[in-house]
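> quick one, fold the following:
(chains A, B and C)
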Amino acid sequence: MKKFRLRKYQIIKKKNIFQRVYKEGRSFVSRYLVLYVFKSEKEAEKKVGFAAGKKLGNAVTRNRLKRLMRESYRRQSRLIKDGLLLLLVARKASVEIKEPVMEKSFVALLRKAKIIKNV
RNA sequence: CGAGUUGAAAAGGCAAUCGCUGACGCUUUUUGCGUUUGAGGAAAGUCCGGGCUCCACAGGGCAGCGUGCUGGAUAACGUCCAGCGGGGGUGACCCUCGGGAAAGUGUCAUAGAAAAGGAAACCGCCAUCCUCGGAUGGUAAGGGUGGAAAGGUGCGGCAAGAGCGCACCAGCGGCAGGGUGACCUGUCGGCUUGAUAAACCCCACGCGGAGCAAGACCAAAUAGGAGAGGGCUGACGCGGCCCGCCGACCUCUCGGGUAGUGUCGCUUGAGCCGCAUGGCAACAUGCGGAUUAGAUAAAUGAUUGCCACCGAUUGCUUUUAUAGUUAAUCGGAACAGAACCCGGCUUAUUUUCAACUCGCAUG
RNA sequence: GGCGACAUAGCCAAGUGGUAAGGCCGGGGUCUGCAAAACCCCUAUUCCCCAGUUCGACUCUGGGUGUCGCCU
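Numbering: from 1, shown residues only, chains lettered A, B, ... in the order given. The predicted model follows:
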């Protein structure tokens, strides 16, 4: 079975990139998530960032949400087109949900944004 | 059986698939593969105390801050242990910012005659006088006010009263005995000096400041740039002020560059477990053993199966309540995530066990 | 991660041991033919919460909760 990896260098870390994606990227909203999409200058670049605000809860729940989002992205990353910077933000309703619900919601957002590869 | 007090312990396990941090090995341009490793009792709050780093390898005085019964433990503490005094509870047991109010100052609203002077007379009580309900004087026993009223209770005494006298109790002081000490016990004395120091303050002891975002290091590039001001008649700096120290740069403007969320600090430590000895204990000493988190948009997750735990329903056993049981089904499993590291405290939270106390019932 | 500040009516807020000022908003009234303005009256029982000290706590002490700021 081919593995879907998610390495450190594939995650957005710099503050200014976060700011650009927030400001200039297009956004898509669902009940549990907000997805920002921004076209990178480089063709091959494909990165993702995760955010969970302070209002969602304590450190444990915020870390759990980021893990769930990362797991969803990791499983579906092969479907996504290259050359995009994505940013996933958790909403308050997502505190209660389990992993498959999160993943479904993520895929629905990808369809909405029309960034799925046609294979 | 019910209610409670105290003290400990644990924080589900195994397996499969996918995935992540660090370390090591192989390969290597990136990368990839393999082995291995990986959160807590509170990691939390940041409330104390240290280590460590920089500033005089930290000095003096003032100011400021903290602690506050005694003795001990400790690197240190506001922590811990053992005691003393006071308070609460039927009890196991718990709580206690618990020095000084006779060094001084302040405050004690309203009410009340009086709220702190050896002070105070509103009603009442007693004596004297008269114009017969007032005046003068005595009086703190009674009434009334208040959170608190000038020691309390009883007997005597007196015009009425009063530590005015006596007994007991409380408080204060002296002496004797015991204890390292807080203090306790006994005895004697004159009879008596409100509360508040989590009000200022006094006394004793302690504290320099900042904090790993501390601090240190690194390439290329021009270049130790230009101008103004201050400075060995001592700048800048050392938390406030004064001293003292240090000893040559500092501030502003203009122009140009660079350094990356880079590397080190970064994890073995006053640490943990067992035994022995000393000690009532906290703890100390000796011997032996096990020692692997080090991330930085921040690593432990997701899905599933079985077993174990808890709860509910159904079935079965039992005369019933109840209890037990195995089987099936469903549901649940807390608080919470290392960020330089330790010792504590506090707060959040799921269970289990042990010892003890009280009540009820039965033998 | 570290350091610090604040919380009082719907809003802005004063208050530093003796029963909580003031302004805006709101409600009622006077005035007016009706309004506006002006004037008068009313609006705090949880002073963010829980304990303690004190006769008495918004105020002092300890613990908790929430909000905001500064340091790379």
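> and stretch A:10-21, what's buried?
A:12, A:17-18, A:20-21 (16 or more other C-beta atoms under 10 Å). Every residue, glycine included, has its C-beta placed from N, CA and C.
> can you tell me which two in the residues you listed are farthest apart?
Using C-beta to C-beta, the pair of these lying farthest apart is A:Ile12 and A:Arg20, separated by 10.0 Å.
> would you point out which residue is most central in chain A?
A:Leu88 (3.5 Å; C-alpha atoms, centre = their mean).
> so A:Gly49, which of the three states?
strand (DSSP: H, G, I helix; E, B strand; the rest coil).
> and the residue nearest to it when sequence neighbours are not counted, what is it in contact with?
In space, A:Gly49 comes closest to A:Ile12 once its chain neighbours are excluded; the distance is 3.5 Å by C-beta to C-beta, 6 or more residues apart in numbering. Residues in contact with A:Ile12 (C-beta atoms under 8 Å, 6 or more residues apart in numbering) are A:18, A:21, A:47-49, A:85, A:87.
> what parts of chain A come near RNA strand B?
Within reach of RNA strand B by C-beta under 7 Å from any atom of the strand, chain A has these residues: A:1, A:3-9, A:11-15, A:18, A:49-51, A:58-60, A:63-64, A:66-68, A:70-71, A:74, A:98-100.
> quick one: which of the residues you listed sit in helices?
Of the positions in the residues of chain A next to RNA strand B, A:15, A:18, A:59-60, A:63-64, A:66-68, A:70-71, A:74, A:99-100 sit in helices, assigned by DSSP state H.
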